[in-house]
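>>> The sequence isn't on hand, but the structure is:
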């Protein structure tokens, strides 16, 4: 339920209304916008007497939210959320580009990649330290050692770090060593992990699951938001369809849909969507044209010998050329890269 307040309502008035609503055992979330102030009520609102609420002189309108996700709902938060990842804003006019290898393989490798992607215009580095793989025989990542190498790359370049977390017990290990947690597709509904990340107050990049609906995706975001962490970034990374030519199928329609349904920033991972390096550029262009707030692109110093996902990783030259084309697309849609 949303209470739209009348213009001129003061903070003191808001506090009084919130105090009065506390009798209904619901969480009251004030959202102050440039033009409108609303109170989002989270919890069981079925027993709230709307007639009594309307008697309050500061309440202009009551909107009932039918969707199961509340805090992630644009109705509760009309203005776009901008998430700060180590000083890089995601969700504003400037499109953020996150780039780097699927897996951190060595200190020299990740530092070299960080320098090259920064030179081409990327603003955040990605790299997996813990790698959940389909096969138990595949490279599983360098784990804690990989985190140290990522921080060495950050020290050299100043680029904030995004890396995947798979285990709720690892949150403490990551604190102070990452600027943004990444929750992979396999863990989108790892609710114990989402609950812990809700307590962390560090930005979370949440990837959509292989076969999950947008509602299920937003309900996972709701877990993090409900824990008090408002810094959530949604990532469309392709879904499973009957098509086998690509690794997954990029759901371009998810971008405008998510931005209509939610206030959270939306980015796209064209690398995992396609599984093919040559498709990353056109899919990235399409994502920006559709309104994406950022991109996550895999880049490797030697894709042919990468320990994971080499087929979808761009070379330095390919990434540089892609960034140049993306700047033109961003300009056309009134944004910048």
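Happy to help now that I have it. Since the structure is predicted, the reported quantities are computational estimates derived from the model, not experimental observations.
>>> so after the helix or strand of the chain with the lowest mean pLDDT, what's the next helix or strand?
Sorted by mean pLDDT, DSSP states H and E, the helices and strands of the chain end with strand 27-32, the least confident at a mean of 86. Sequence order places strand 37-42 as the next helix or strand after strand 27-32, per DSSP states H and E.
>>> Just give me how far that next one sits from the chain centre.
Put simply, strand 37-42 sits 23 Å off its chain's centre (C-alpha atoms, centre = their mean, to the nearest Å).
>>> Just the buried residues of the longest helix along the chain, please?
Ranked by residue count under DSSP state H, the longest helix found in the chain is helix 316-332. Of the residues in helix 316-332, those buried under the neighbour-count criterion (16 or more other C-beta atoms under 10 Å) are 316, 318, 319, 320, 322, 323, 326, 329, 330. The C-beta positions use only the backbone N, C-alpha and C, and glycine is treated the same way.
>>> same deal with stretch 61-80?
Going by neighbour count (16+ other C-beta under 10 Å), the buried part of stretch 61-80 is 62, 65, 67, 69-78.
>>> go on, stretch 279-299?
Buried-residue list, stretch 279-299, by 16+ other C-beta under 10 Å: 279-281, 283-288, 290-299.
>>> Now the terminal residues of it, how far apart.
Start and end residues of stretch 279-299 are separated by 13 Å (C-alpha to C-alpha, to the nearest Å).
>>> Just give me how far it sits from the chain centre.
That offset, for stretch 279-299, works out to 14 Å (C-alpha atoms, centre = their mean).
>>> do the same with stretch 303-312
25 Å.
>>> and what of stretch 178-192?
Here stretch 178-192 is found 10 Å from its chain centre; the criterion is C-alpha atoms, centre = their mean.
>>> which other residues reach it?
Defining contact as C-beta atoms under 8 Å, 6 or more residues apart in numbering, one finds that stretch 178-192 is touched by 85-86, 124, 126, 132, 147, 150, 160-166, 168, 174, 193-194, 197, 200, 202-210, 212, 216-217, 220, 223, 233, 237, 272.
>>> Now a ChimeraX select for only the buried ones of these.
This is how ChimeraX selects the buried members of those, with burial counted by 16+ other C-beta under 10 Å:
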select :85,86,124,126,147,150,160,161,162,163,164,165,166,174,193,194,197,200,202,203,204,205,206,207,208,209,212,217,220,223,233,237,272
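>>> In strands only, show me the contacts of stretch 178-192.
85, 124, 126, 161, 162, 163, 164, 204, 205, 206, 207, 233 (DSSP state E).
>>> Quick check: closest non-adjacent residue to the residue nearest to the spatial centre of the chain.
Centre of the chain computed as the mean C-alpha position; nearest residue by C-alpha atoms, centre = their mean is residue 233, 1.7 Å away. Once flanking residues are discounted, residue 233 sits nearest to residue 205: 4.6 Å by C-beta to C-beta, 6 or more residues apart in numbering.
>>> any idea how far that neighbour lies from residue 120?
For residue 205, the distance to residue 120 (C-beta to C-beta, to the nearest Å) stands at 21 Å.
>>> circling back: what residues of the least confident helix or strand of the chain count as buried?
In strand 27-32, counting by 16+ other C-beta under 10 Å, buried: 28, 29, 30.
>>> What of stretch 35-50?
Buried residues in stretch 35-50, defined by neighbour count with 16+ other C-beta under 10 Å: 36, 37, 38, 39, 40, 41, 42, 45, 48.
>>> between those, which is closest to residue 257?
Residue 257 lies nearest to residue 40 out of the buried residues of stretch 35-50, by C-beta to C-beta, at 21.2 Å.
>>> That closest one is in contact with residue 76, isn't it?
Yes: assessed by C-beta atoms under 8 Å, residue 40 is found in contact with residue 76 at 3.9 Å.
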